[in-house]
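Peer 1: sequence first, predicted model second:
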Amino acid sequence: MLPGGRIVAGLPRQVCIVGSQALIQTGNASNPPTTTSLIKTVVNRALAEAKMEARDVDGLIAVPSLTDKHFMEAHYQASNLGLFLDDRPIQLRTIDTGGAGPVTALLEAVRMIKYEALEVVAIVAGDCVGSMDGNEFLGKADDIFFKMQPLRQKIVRSPAIPHGYDMVTKYQMDQWGLTRDQLRMAVSLQSLHAGLRADSLFYQKAKTKSDQGCVLYTHLDEVRRAPEVTPNISLLECARRADGAACFILASNRFLKRKRLYRSGIPVVIGGGEASGPLYPPDDIDETMFSCEAAMSYAYAQAGNLSSKDIDFFGLYDCFPICLVRALEAAGLCDKGQGGVYLESQYNRLKEALPCVRTVKALLRDPTFFPVNTHGGLLCFGAPWEVPAMYNIYEAVHQLRGNAQGRQIDNCRRALVYGNGGVFSASAVAIMSKSL
């Protein structure tokens, strides 16, 4: 028997995602929002969607913010949300694995429900880096990596994060023949998906200069002309800073059945995996620094020895194109070292379909055409620091529900989401499916 007199007969068989809300917006330096206000908005919407109240929540996981840090983030957010009630306890956890945090939080929520007898767990994340002054953002992002300089022989250059990824990009180019244009094609492909979402940062910018009825996407030549940030990364190949937040409500199938809220087809988490690497690329890069492959392998195994052929939607972290390239390979969408070739083949299919809108729409309905980040990813949808993997999960949930308007993958049965923290330092993967 649990506190409050609840009795759980055995472990729940499924952990269901019943509330899924997200918002994203461009920055507003003159009147910036707070992460707390954004989180409160998405939590209230997610609870309403799940047909629940705050008192139903007996667990909360929070991913910390860069712009608005709080001591014991989950405790702070729980206080703000009014989750401390006299008649029942609540479990709170703050998780920081960088950009992998939302997927780590998802897996932790599953464990809390399956093995700690909780019934409803909320996951929250929010940030307002889009409204932050550019120099302030750069300083905060650089700080942790500059502190590592005494441990290294090579100098950590500013901006530290893009330069770290540039080191990995150069390694992939030398080792596997990856080309600059293949990397740029990631932006073109992601922008095509983002052009179908009116809330994406790409759409909000592109619609002001496009002809009505045309295909919205970033042409390869535009990416080629973009200013360089590092020798192998341009401005358009960096995650787009934004303000935003997201919330998920997870519940046991037993709780939902007891409340008469259970229905077939609800997205459920069926497996996951995590792995870690060094915080910053070593002076001499080799394959041992990468953690994505191990996390993918663990997730596929835990989900029932699945493979990429069993997955219909892939939500892959893409803070820079090299991250997407490595994720494509690790997920099994292509062979090792062939991520760039895969992107080029998908881009060529897009190029053949253009400029006819009808042909492009037919291509988008083809489940073999780039079933990745149908919301546009960090590169084109937007990236509020550690929130973006929440958007991967959000898109996966809606693909599984069958209501990803204009972007729906036919008969989407299973989805995989991947989050990456640091510079391939933390990898977290979750696999979801429709409940029976």
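Peer 2: Received the coordinates, thanks.

Peer 1: so which residues of the chain form strands?
Peer 2: Secondary structure of the chain (DSSP state E): strands at 15-25, 59-63, 91-94, 120-128, 228-230, 233-234, 243-252, 267-276, 313-315, 414-421, 426-434.

Peer 1: which residue is the nearest non-sequential neighbour of the spatially most central residue of the chain?
Peer 2: Nearest to the mean C-alpha position of the chain, by C-alpha atoms, centre = their mean, lies A389 at 1.6 Å. In space, and not counting its chain neighbours, A389 is closest to G419: 3.5 Å by C-beta to C-beta, 6 or more residues apart in numbering. Where C-beta positions appear, they are placed from N, C-alpha and C, glycine not excepted.

Peer 1: you'd agree that neighbour is up against Y391?
Peer 2: No - with contacts counted by C-beta atoms under 8 Å, G419 stays clear of Y391, the gap being 10.5 Å.

Peer 1: which one of those two is surrounded by more residues?
Peer 2: G419 (33 against 29; other C-beta atoms under 10 Å).

Peer 1: any idea how far that one is from V387?
Peer 2: As judged by C-beta to C-beta, to the nearest Å, G419 and V387 stand 10 Å apart.

Peer 1: now do the shared contacts for the two.
Peer 2: Residues within reach of G419 and of V387 at once, by C-beta atoms under 8 Å, 6 or more residues apart in numbering, are P102.

Peer 1: where does pLDDT dip in this structure?
Peer 2: 1-12, 208-213 (pLDDT under 70).

Peer 1: 50 instead, please
Peer 2: 1-8, 11 (pLDDT under 50).

Peer 1: how many neighbouring residues does L183 have?
Peer 2: Per other C-beta under 10 Å, the neighbour tally for L183 reads 25.

Peer 1: and the gap between it and K170?
Peer 2: Distance, L183 to K170, using C-beta to C-beta: 11 Å.

Peer 1: give me the common contacts of these two.
Peer 2: N232.

Peer 1: residues contacting the residue nearest to A389?
Peer 2: Counting by C-beta under 8 Å, 6+ apart, G419 touches 97, 99-104, 317, 389, 392, 426-429.

Peer 1: just to revisit the earlier point, hey, which of the strands of the chain is tucked in deepest?
Peer 2: strand 120-128 (a mean of 30; mean count of other C-beta atoms under 10 Å).

Peer 1: next, count neighbours for D221.
Peer 2: Based on other C-beta under 10 Å, the number of other residues close to D221 is 9.

Peer 1: what's near enough to touch it?
Peer 2: No contacts exist for D221 under C-beta under 8 Å, 6+ apart.

Peer 1: can you pull out the helices in the stretch 201-350 of the chain?
Peer 2: 201-206, 220-225, 253-258, 292-302, 321-331, 339-353 (DSSP state H, counting those that start in this stretch).

Peer 1: centre of the chain to the second one, how far?
Peer 2: Going back to what we said before, that points to helix 220-225. Between the centre of helix 220-225 and the centre of its chain there are 25 Å (C-alpha atoms, centre = their mean, to the nearest Å).

Peer 1: let the chain start at 22 from now.
Peer 2: Shifting the count to begin at 22 puts that one at helix 241-246.

Peer 1: what residues sit buried inside that helix?
Peer 2: 241, 244 (16 or more other C-beta atoms under 10 Å).

Peer 1: likewise for the first one?
Peer 2: Of the residues in helix 222-227, those buried by neighbour count under the rule 16+ other C-beta under 10 Å are 222-225, 227.

Peer 1: contacts for it?
Peer 2: Under C-beta under 8 Å, 6+ apart, the answer for helix 222-227 is 45, 47, 211-212, 215-219, 237, 239, 261, 263, 397, 401-403.

Peer 1: just the buried ones out of those residues, please.
Peer 2: So, of the contacts of helix 222-227, 45, 211-212, 215-218, 237, 239, 261, 263, 397, 401-403 end up buried under the neighbour-count rule (16+ other C-beta under 10 Å).

Peer 1: out of the contacts of G440, who's nearest L68?
Peer 2: Proximity to L68 was ranked across these by C-beta to C-beta; first place goes to P123, at 18.3 Å.

Peer 1: ok, that closest one - contacts?
Peer 2: 84, 144, 146, 267, 407-411, 413-414, 440.
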